[in-house]
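> sharing a model prediction with you, sequence too.
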2 protein chains.
Amino acid sequence: MKIGIVGLGLIGGSLAIDFKKQGHQIWGVSRKESTCKTALEKGIVDYVSTELSSLNSAEVIFICTPIAKIAPTLESLVPHLDPQAIVTDVGSVKQPIVEACQPLWANFIGGHPMAGTTESGINAAVSNLFQGAAYVFTPQSNSPQITEKLAILQQLASSLGAKPFICSPEVHDRSVAWISHLPVMVSASLVAACLGEDDPDVLALAQELASSGFRDTSRVGAGNPELGTMMAEYNSESLLRSLYAYRDNLDQIISLIETQNWQALSKLLADNYQARPYYLN
Amino acid sequence: MKIGIVGLGLIGGSLAIDFKKQGHQIWGVSRKESTCKTALEKGIVDYVSTELSSLNSAEVIFICTPIAKIAPTLESLVPHLDPQAIVTDVGSVKQPIVEACQPLWANFIGGHPMAGTTESGINAAVSNLFQGAAYVFTPQSNSPQITEKLAILQQLASSLGAKPFICSPEVHDRSVAWISHLPVMVSASLVAACLGEDDPDVLALAQELASSGFRDTSRVGAGNPELGTMMAEYNSESLLRSLYAYRDNLDQIISLIETQNWQALSKLLADNYQARPYYLN
């Protein structure tokens, strides 16, 4: 197939590498000349341009820009598209993107490949990034036309070694709020609370004694600040829904400790012990 | 030296293994005949008994029982002790233990070697468990007598490859509340909150999509329920102090998202990003 990729960073570049290996023809687009040059030199793409008009014969296009640029990119892309072209994106939030993009292009289907590394940019792009990862698609309709396009995207995702899932944008956003965005805020509050300790002896010893328990629980709350803020901004409704539920559960634990209800606390912890494996497929 | 070890589980057994290798004479005590037999068979101890009176010539005694049994064990031990004997414990909370034990024995010095595995019991005992671990001592006085005894304990801790720290029981308990007990409750609330999701589609997808971020943040909240409850029970004052501060920080994050103050949220996350390495020595 002729595959267009807009935005040649970690995700776009890694998609290009894997698709090119399979024999697809890869047309890359980047705003930056230097990125275009690197992509060609590394053999990540077959053709590259700074112009969206270069994608006029692409059959499938992946928009791999930052979230805020996805809808504006599609808007600029539309005049150049083949009427049958499928457009998808790779943003980590789906409802606002689908709402903005679907009216612009009937063959737009939101997507979210759940893979990444701590690196970014074209030099971070690697082969097999999506091997074993979930890849969620959020079609807005089940018309024959969309069902056919969706099947093509699912097949492409499977060819990367990813596991495709289909759901509504809302179910996607609520689910990732639980397992991805809420943990960032929960973990961020932990680091922030520790920093607020006003006894310097306690703070100094805490820093010395911190080991794997603290390390694991604090990790995602001390990651890329722009990414954390962007998650909150674009998925604020679902994130707040999860945060309120989380706060209720925290209040319940605080109350069990205040009232010294050790039996109920033990039951709650035992329920967690039983339940957590279901989140670790 | 003649070293007595009461309670031959993971910690007591592992101390015995390392001290015996160094040429100390190890006198083990366990309530269970079967544990005594295993300890002898494995060569973990030189002598073993179910009777505390067997420790009448021990120079240093480590009480390695569960927290609730530490003070009662010392009380039963006192009539048999050599007047110069140093007694220490390995409990993960210090204030209630020191308050109960210090009046029983002037040469009692609280201790907390911060090492462990998910296993327990004598069959989990291993050599070098304490290599690189923090080992906190909480002496109640700086009299010449206690200073001399403390130096012996510090030397023993160093001989295990551990890093000794000296602080008050209160500073210890507040510090471990931050880095060990608070993360358990923060993480437990996360698992409990997810389980409360009432949309089965969202819950099912969340379980499918959960990956490293959720796995790390939820780990310590889904560990041994008895251990989590015991932490809360014996360190409830310091833990509640940390939990209240944590809830304030969580409320602040919720409020920043509610008011869409992305700049302040980004600053908070950036501060965490800067600060976390100080907890990861």
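Yep, that arrived. It should be emphasised that the depicted structure is a prediction, and the values quoted were computed from it without experimental measurement.
> worst-scoring helix or strand of chain A, pLDDT-wise?
Across the helices and strands of chain A, the lowest-confidence element by mean pLDDT, DSSP states H and E is helix A:212-219, at a mean of 89.
> quick check: next helix or strand after that one?
Next helix or strand after helix A:212-219 toward the C-terminus (DSSP states H and E): helix A:225-234.
> pull out the buried residues from that following helix.
A:225, A:227-234 (16 or more other CB atoms under 10 Å in any protein chain shown). (Glycine included, C-beta is placed from N, CA and C.)
> repeat for stretch A:10-27
The neighbour-count check on stretch A:10-27 (16+ other CB under 10 Å) flags A:10-20, A:24-27 as buried.
> the helix or strand containing A:Leu205 and chain B in contact?
Using DSSP H and E, A:Leu205 maps to helix A:200-209. Yes - against chain B, helix A:200-209 shows contacts by CB under 8 Å from any CB of the partner chain at A:201-202, A:205-209.
> let's see the ChimeraX selection covering just the buried ones among the residues you listed.
Applied in ChimeraX, the following selects the buried portion of the residues of helix A:200-209 next to chain B according to 16+ other CB under 10 Å:
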select /A:202,205,206,207,208,209
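> farthest-apart pair in the residues of helix A:200-209 next to chain B, please.
A:Asp201 and A:Leu209 (12.2 Å; CB to CB).
> what do the two both touch?
Listed contacts common to A:Asp201 and A:Leu209 are nil; contacts here mean CB atoms under 8 Å, 6 or more residues apart in numbering or on different chains.
> name the helices or strands packed onto the helix holding A:Leu205?
strand B:134-138, strand B:163-166, helix B:169-176 (3 or more CB pairs under 8 Å, 6 or more residues apart in numbering or on different chains; DSSP states H and E).
> ok, which of these comes nearest chain A?
Checking the helices and strands packed on helix A:200-209 against chain A by CB to the nearest CB gives helix B:169-176 as the closest, at 4.1 Å.
> what's the following helix or strand after that closest one?
helix B:182-195.
> near chain A at all, that next one?
Yes - among the residues of helix B:182-195, B:182-195 lie within reach of chain A under CB under 8 Å from any CB.
> quick check: angle from that helix to helix B:200-209?
130 degrees (axes from the mean of the first three to the mean of the last three CA atoms, to 10 degrees).
> helices or strands up against helix B:182-195?
Counting contacts by 3+ CB pairs under 8 Å, 6+ apart, helix B:182-195 packs against helix A:182-195, helix A:212-219, helix A:236-258, helix A:262-275, helix B:212-219, helix B:225-234, helix B:236-258.
> and among those, the most buried is which?
Mean neighbour count (mean count of other CB atoms under 10 Å in any protein chain shown) peaks for helix A:182-195 among the helices and strands packed on helix B:182-195, with a mean of 26.
> and it with helix B:262-275, angle?
Counting by the same axes, to 10 degrees, helix A:182-195 lies at 70 degrees to helix B:262-275.
> outline the domain layout of chain A.
A:2-167, A:171-279 (automatic domain parsing).
> who's in contact with A:Gln89?
I think there's a mix-up here, since residue A:89 is Asp and not Gln. Residues counted as contacts of A:Asp89 (CB under 8 Å, 6+ apart) are A:62-64, A:70, A:74, A:97, A:101, A:110-111.
> now it. Nearest residue, chain neighbours left out?
Counting by CB to CB, 6 or more residues apart in numbering or on different chains, A:Asp89 lies nearest to A:Ile63, which is 4.4 Å off, once chain neighbours are set aside.
> tell me the pLDDT at that neighbour?
For A:Ile63, the pLDDT comes out at 98.
> quick one: residues contacting it.
For A:Ile63, counting by CB under 8 Å, 6+ apart, the contacting residues are A:6-7, A:70, A:73-74, A:77, A:87-90.
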